[in-house]
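Engineer: predicted model follows, preceded by the sequence.
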Amino acid sequence: MNLVQLFDSSLLGRRHSVGLEFKDAVYTFGDLEDRSNRLARVLLDRGLVAGDRLCVYLANSVEMIDLYLACVKLGIIFVPVNILYRDREISHILADADPTALVSATDVASPVPVWSPDELTAEAASKDASRPEVPYVDGDAPAGIIYTSGTTGTSKGAVLSHNNFAANAVNLLACWEIRDTDRFLLALPLFHVHGLGNGLHCWLMSGCRTRLLERFEHQTAAATFLDFRPTLFFGVPTVYVRLLGIESAVAREIGGFMRLFVSGSAPLPAQVHQDFLALFGHTILERYGMSETLMNIGNPYHGERRPGTVGFPFPGISARIVDGEVQLKGPNVFTGYWRRPDATRDAFVDGWFRTGDVATVSEDGYFTLCGRKSDLIISGGFNIYPREIEEFLQEHPDIAEAAVAARADKMRGEVPVAYIVTSAPVDRAELEQLCREKLASFKVPRDFVVVEKLPRNALGKVQKHLLP
């Protein structure tokens, strides 16, 4: 069975029910079925076939959903690109994924054709709304490639199959009791596995009414909650810190109609758990996932949601700790890295995926994440691998060495800070501006600290824990 067959309970079975709100428009599931069918015909006319890749560089929009559904129906591999990425990062993904085209609403330097979403939508308007007949795509076929940086700084594409996405969503619907009666406020970016793999799939498989936001804006968050009155919300720790700024009476009203708040993509501080419970009357459900595996472990819906822990493995997923590292096995685990057989082999041992995350498990089964074997920085839910920034900084003619490390931040959990050894004076403001031009905003170091030398061990490895 593939994803389309699972989505059909909504696209066909709830055809006349309202499925989506976006900005000032309302769409039934039937509208989404027809729109994506028309767009699928456009993609076929432009030469795409099952197995081709289509890169999509868009903010949250109905057009992005149309594209995803069209790709799933045709067996085309959907490759979302972080909308915060700049030319340097986009170019690498385009070269690696080797897509037929890139869909973008903005001008992007690209070695492949760039298609405007407005032009695609206009072209689709005259197409037949019936579902095009194409060869059947089975569950083991790849549905998406999610790019996640490696510790070497080289971005790798995690290939996720229809079965990976399906197993993940089925687990979340069962464990979190998501029903068509829910009202889901979806503020996560759809280019991220959290928004796509959890948000979009849970919505389409459950058939609940969903309001999609282009982005989360804390200034209007309270008004949005009060207007839509959702029962379900997924967020990252940064979002929950922002929600703590809502006035207490309003927070209590929101808590009165909400059923479940879920947090992931980065560790949620125990203090935020406590403050949120006091303000909203809800204990946030924290869980643990990865781009390569979707959701692995989660606190229970019924039972104790223990602050500081990520709970128990989801049904069908096996988790073990070997030398402190979490290793996983299950139907959620990706099939491998795109065109990187060596990296794929290195990621597995005897069929177990090596996460690189360090954890402990209590006697009663709760997993607690303790850190990472690599020096990965997670800032506001986004993964930052220092090596990529270090290599970029060292391209500067006046920077001899660079090391990037995490600094604790109340709002984003962690932020990157660059320590540099210079061969000539460097203007920090100019350096920051250069980074903003070439790197995603969340990767830009929040400070540039000039040091005489970097601390190293006997083997020459930088000892980041000794940085000032």
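Structural biologist: Cool, got the structure. Numbers count the residues shown, from 1 in each chain.

Engineer: by mean pLDDT, which helix or strand of this protein comes out lowest?
Structural biologist: None of the helices or strands of the chain scores lower by mean pLDDT, DSSP states H and E than strand 367-372, at a mean of 85.

Engineer: what ranges does the stretch 151-300 of the chain have for its helices?
Structural biologist: Using DSSP state H, counting those that start in this stretch, the helices of the stretch 151-300 of the chain run over residues 162-175, 193, 201-206, 221-228, 237-243, 248-257, 270-280.

Engineer: to Ala70, which of the ones you listed lies closest?
Structural biologist: helix 201-206 (13.5 Å; C-beta to C-beta). Glycine gets a C-beta too; all of them are placed from N, C-alpha and C.

Engineer: for the closest one, packing partners?
Structural biologist: Judged by 3 or more C-beta pairs under 8 Å, 6 or more residues apart in numbering; DSSP states H and E, helix 201-206 is in contact with helix 3-11, helix 162-175, strand 183-186.

Engineer: of the helices of the stretch 151-300 of the chain, which is nearest Pro455?
Structural biologist: When the helices of the stretch 151-300 of the chain are compared for distance to Pro455 using C-beta to C-beta, the nearest one is helix 237-243, at 29.9 Å.

Engineer: which residues are in contact with that closest one?
Structural biologist: Contacts with helix 237-243, where a contact means C-beta atoms under 8 Å, 6 or more residues apart in numbering, come from 187, 216, 218, 221, 235, 251, 261, 263, 265-269, 272, 276, 280, 284, 380-381, 410-413.

Engineer: quick revisit: now the helices and strands packed on helix 201-206 as a markdown table including mean neighbour count and mean pLDDT?
Structural biologist: Shown next, in a markdown table, are these (neighbours: other C-beta atoms under 10 Å; pLDDT from 0 to 100):
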| stretch | mean neighbour count | mean pLDDT |
| --- | --- | --- |
| helix 3-11 | 21 | 98 |
| helix 162-175 | 22 | 98 |
| strand 183-186 | 22 | 98 |
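
Engineer: I'd like the ones you listed as a markdown table, with distance to Thr28 appended.
Structural biologist: Formatted as a markdown table, those follow (distance: least, C-beta to C-beta, whole Å):
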| stretch | distance to Thr28 |
| --- | --- |
| helix 3-11 | 10 |
| helix 162-175 | 21 |
| strand 183-186 | 16 |
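
Engineer: can you list the weak-confidence ranges in this structure?
Structural biologist: Within the chain, the ranges that satisfy pLDDT under 70 run 149-154, 457-461.

Engineer: in it, which residue is most central in space?
Structural biologist: His192 (2.4 Å; C-alpha atoms, centre = their mean).

Engineer: my guess is that one contacts Phe442. True?
Structural biologist: No. Look at His192 against Phe442 with C-beta atoms under 8 Å: they stay out of range, at 11.6 Å.

Engineer: what's the overlap in contacts for these two?
Structural biologist: Taking C-beta under 8 Å, 6+ apart as the contact rule, His192 and Phe442 both touch Phe382.

Engineer: for stretch 452-468, measure first residue to last.
Structural biologist: 12 Å (C-alpha to C-alpha, to the nearest Å).

Engineer: OK, contacts around Ala109?
Structural biologist: Ala109 neighbours (C-beta under 8 Å, 6+ apart): Asp87, Ile90, Ser91.

Engineer: for the second one, phi and psi?
Structural biologist: In terms of degrees, to the nearest 10, the main-chain angles of Ile90 are phi -60, psi -40.

Engineer: and it, how far from Val56?
Structural biologist: 11 Å (C-beta to C-beta, to the nearest Å).

Engineer: returning to that earlier point: give me the PyMOL select line for the contacts of Ala109, limited to the buried ones.
Structural biologist: Selection of buried members from these for PyMOL, criterion 16 or more other C-beta atoms under 10 Å:
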select buried, resi 90
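
Engineer: which one of the helices and strands packed on helix 201-206 lies closest to Gly207?
Structural biologist: Taking C-beta to C-beta, helix 3-11 is the member of the helices and strands packed on helix 201-206 nearest to Gly207, at 4.1 Å.

Engineer: which helices and strands does that closest one pack with?
Structural biologist: Other elements packing on helix 3-11 under the criterion 3+ C-beta pairs under 8 Å, 6+ apart are helix 29-45, helix 62-74, helix 162-175, helix 201-206.

Engineer: by how many degrees do that helix and helix 62-74 diverge?
Structural biologist: Put simply, helix 3-11 runs at 130 degrees to helix 62-74, going by axes from the mean of the first three to the mean of the last three C-alpha atoms, to 10 degrees.
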